[in-house]
Structure formats: structure tokens, C-alpha cells
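1. sequence and predicted model, in that order:
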Amino acid sequence: MSEALSCTDFVDFVRDARLGVLATVSASGEAQAALVDLAVTDAGDLLLNSWDEGRKVANIEAHPKVALVIGWKGGVSLQVEGTAELLTGDRREAYGPTYLDQLAGARILSDRFVLIRVRPAWLRRYDATTRPPTVVEGACDWY
């Protein structure tokens with residue numbers, strides 16, 4: 001995948017888009033989706049938050065595999081599949097400042113919110129500005 005989308009390009013795209021739709025699966029197998037604010041580390045890990053009693057938290061505990069669609073700026077979007085992890089304690093404190101640097105004013109370090117990290121495993125870049133649209137996909141090989 002590195003030829004199609006470098007880690008730096010991915011990070012830049014996410015930081016510019018700042019929004020995505022996260023798809024999760026409940027313990028009973030129901031698909032659920034939510035629009036979320038996104039931050040991203042320099043290493044390409046996605047960060048988002050959720051209210052601690054939100055469906056996303058329960059869903060990720062039951063099924064940590066997730067999918068996201070990020071952006072649509074200028075007709076380009078990214079599809080991402082990966083594994084989500086609920087960050088607590090020292091790990092939440094370590095990643096929290098990165099989230100706050102990109103999404104100032106967020107309540108991520110409040111006791112009622114959970115920080116979620118998604119490590120991308122597969123990506124698809126869809127560019128509708130070309131005819132036919134350009135689609136490039138593959139495993140994420142940054143780690």
C-alpha cells in the first residue's frame with residue numbers, strides 16, 4: 001500500500017478531513033455507525049472518543065474489528081479497516097494530548113469519555129475526480 005498512500009499522506013488526509021463514519025458491530029451482531037471527530041498520530045493510529053456508556057464502547061469490547069470512511073474533500077475518500085482498542089489509564093494520558101492538539105476543547109480526558117485508538121490494517125483510496133474513478137487498496141504496511 002505504501003506506493004498508493006504513504007503514512008504521511010494518510011496522516012495529512014485525516015488531519016484535513018477531521019471527520020469520519022465509524023462502523024462497529026454490537027454483541028448481538030447488529031451493525032451500527034456514527035459520525036466521529038478524528039485525530040491521528042504521526043505513526044498513523046486513528047484516535048476518537050466516545051461517551052463511556054456509548055454504544056461504540058460496548059461494541060468495541062465485543063468486536064474490536066471496525067471500519068471507517070474518512071473525508072470526501074474534492075471527491076476523494078478513504079476506507080479504513082482495523083482493530084480498535086479502548087485506551088485507559090497511562091495509555092489514555094499518553095495519547096490524550098495528541099487528540100487535544102488536533103481537536104481543541106474536546107472532553108477526552110473527562111472521566112465520562114473513553115479514548116479509542118484504531119490501528120489501520122487495510123486501506124482503500126477512492127478518487128472520483130478521475131474518469132473512471134481511481135481505486136487503490138491494500139494492506140497498511142506502516143507498522
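-> Structure received. Residues are numbered from 1 along each chain as shown.
2. quick check: which ranges of this protein have low pLDDT?
-> Along the chain, the model assigns pLDDT under 70 to residues 1-4.
3. 90 instead?
-> By pLDDT under 90, the low-scoring segments of the chain are 1-5, 72-73, 88-89, 105-112, 141-143.
4. wait, what's in contact with the nearest residue to Gly20 once chain neighbours are set aside?
-> The spatial neighbour of Gly20 that comes closest, neighbours along the chain excluded (C-beta to C-beta, 6 or more residues apart in numbering), is Ile70 at 3.9 Å. The C-beta positions use only the backbone N, C-alpha and C, and glycine is treated the same way. Counting by C-beta atoms under 8 Å, 6 or more residues apart in numbering, Ile70 touches 13-14, 17, 19-20, 38, 77-80.
5. okay, and the beta partners of Ile70?
-> Gly20, Leu78 (DSSP bridges).
6. partners of the residue nearest in space to the middle of the chain in the sheet?
-> Centroid-nearest residue in the chain, with C-alpha atoms, centre = their mean: Leu46, separated by 4.1 Å. On the basis of DSSP bridges, Leu46 is bridged to Val40, Val118.
7. I'd assumed Asp37 was in contact with it.
-> No - counting by C-beta atoms under 8 Å, Leu46 sits too far from Asp37 to count as a contact (10.8 Å).
8. before we move on, the earlier item: what's the spacing between the residue nearest to the centre of the chain and Leu87?
-> For Leu46, the distance to Leu87 equals 12 Å [C-beta to C-beta, to the nearest Å].
9. picking that back up, can you give me the distance of the residue nearest to Gly20 to Glu93?
-> 26 Å.
10. one more: Leu100?
-> Distance from Leu100 to Glu93, by C-beta to C-beta: 11 Å.
11. shared neighbours, these two?
-> By C-beta under 8 Å, 6+ apart, the residues touching both Leu100 and Glu93 are Leu109.
12. for the longest helix anywhere in the chain, C-alpha coordinates in PDB please.
-> Counting by DSSP state H, the longest helix found in the chain is helix 89-102. C-alpha atoms of helix 89-102 as PDB (Å, rounded to 0.1, in the frame of the first residue of the first chain):
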ATOM      1  CA  GLY A  89      -5.000   4.800  32.500                       C
ATOM      2  CA  ASP A  90      -1.500   5.700  31.400                       C
ATOM      3  CA  ARG A  91      -2.200   4.900  27.700                       C
ATOM      4  CA  ARG A  92      -5.100   7.300  27.700                       C
ATOM      5  CA  GLU A  93      -3.000  10.000  29.300                       C
ATOM      6  CA  ALA A  94      -0.200   9.400  26.800                       C
ATOM      7  CA  TYR A  95      -2.500   9.700  23.700                       C
ATOM      8  CA  GLY A  96      -4.800  12.300  25.100                       C
ATOM      9  CA  PRO A  97      -2.600  15.300  24.300                       C
ATOM     10  CA  THR A  98      -2.300  14.200  20.600                       C
ATOM     11  CA  TYR A  99      -6.100  14.200  20.400                       C
ATOM     12  CA  LEU A 100      -6.400  17.600  22.100                       C
ATOM     13  CA  ASP A 101      -3.800  19.200  19.900                       C
ATOM     14  CA  GLN A 102      -5.900  18.400  16.900                       C
END
